[in-house]
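Undergrad: sequence-free structure coming up:
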């Protein structure tokens, strides 16, 4: 089933006196656009993190946020004391000017890069723990995308059904349209002597050019293909191509109709198709 490109996933865990939070957000995009804000403790694994997220999410504008807060007793070497003092001084000034009170130490410890690791590399255990959180956040985001995709699928079905109803609404007017064309041709020849047989042949030829049966068949096939494609994953781009083909058939029906009662249904079909195209922009 199709998925939305919009999603959010979050995972929180505790490891070695640190509260680690992983947040992943995604929005629609033509390709995969990854942006990462990663705590300095884990920055050495940024390339691996990007690979994991990119392989799982395929497309979208994706923001990855990973940060850590100290929750237990850490060695002094794990705190960037100079940076922490600078943050504390600024927050003290802000507290005084804003005439408010707060836990400044806790606020300082949540600031970027306050925590620094005394180790040159992450341990395998910590990296495994972080990967677990990363996969948990990805799974939550995928579930979000799936739920949004189900809503989009319902909307697609309603729009497609509306296009089909509009095409059915055209059918009763086709005979009247051809009679109107015949009458218009005859009026144009009033006072002119013409061969009746030749005139009928020309009328038949002209009417055949206005026949929309082929367009109706192709439109029905495109809509059927659209519905089948909706049942598969990662088909947003393919749905876009099918929507283009649906649009071509609708435009051809419109150019051939040239009859007000039929044109009203054509406008309705175009309106529904535009709404489908808007949703395709957010379909994975």
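TA: Looks like it came in fine. Since the model is a prediction, treat every value here as computed from it, not as a measurement. Numbers count the residues shown, from 1 in each chain.
Undergrad: And the helices in this protein, which stretches?
TA: According to DSSP state H, the chain carries its helices in the segments 46-57, 81-98, 104-109, 124-188, 196-210, 213-230, 236-257, 260-280.
Undergrad: Relative to the whole chain's centre, how far out is the longest one?
TA: Per C-alpha atoms, centre = their mean, to the nearest Å, the displacement of helix 124-188 from the mean C-alpha position of its chain is 12 Å.
Undergrad: so what does that helix touch, helix or strand wise?
TA: Taking 3 or more C-beta pairs under 8 Å, 6 or more residues apart in numbering; DSSP states H and E as contact, the helices and strands that helix 124-188 lies on are strand 7-15, strand 18-27, helix 46-57, helix 196-210, helix 213-230, helix 236-257, helix 260-280. All C-beta spots, glycine's among them, are computed from the backbone N, C-alpha and C.
Undergrad: and among those, the most buried is which?
TA: Neighbour counts (mean count of other C-beta atoms under 10 Å) averaged over each of these peak at strand 18-27, with a mean of 21.
Undergrad: who does that one touch, helix- and strand-wise?
TA: Looks like strand 18-27 contacts strand 7-15, helix 46-57, strand 60-70, helix 124-188 (3+ C-beta pairs under 8 Å, 6+ apart).
Undergrad: and the angle for the longest one with helix 46-57?
TA: It refers to helix 124-188. 40 degrees (axes from the mean of the first three to the mean of the last three C-alpha atoms, to 10 degrees).
Undergrad: Then the shortest one?
TA: With the same axes, to 10 degrees as the criterion, the two stretches strand 7-15 and helix 46-57 enclose an angle of 140 degrees.
Undergrad: Name the residues that touch strand 7-15?
TA: Strand 7-15 has contacts (C-beta atoms under 8 Å, 6 or more residues apart in numbering) with 19-26, 60, 71, 126, 129-130, 132-134, 136-145, 148.
Undergrad: Sketch out the low-pLDDT regions of the stretch 101-250 of the chain for me.
TA: Residues of the stretch 101-250 of the chain meeting the criterion pLDDT under 70: 115-121, 185-186, 188-195, 198-200, 202-204.
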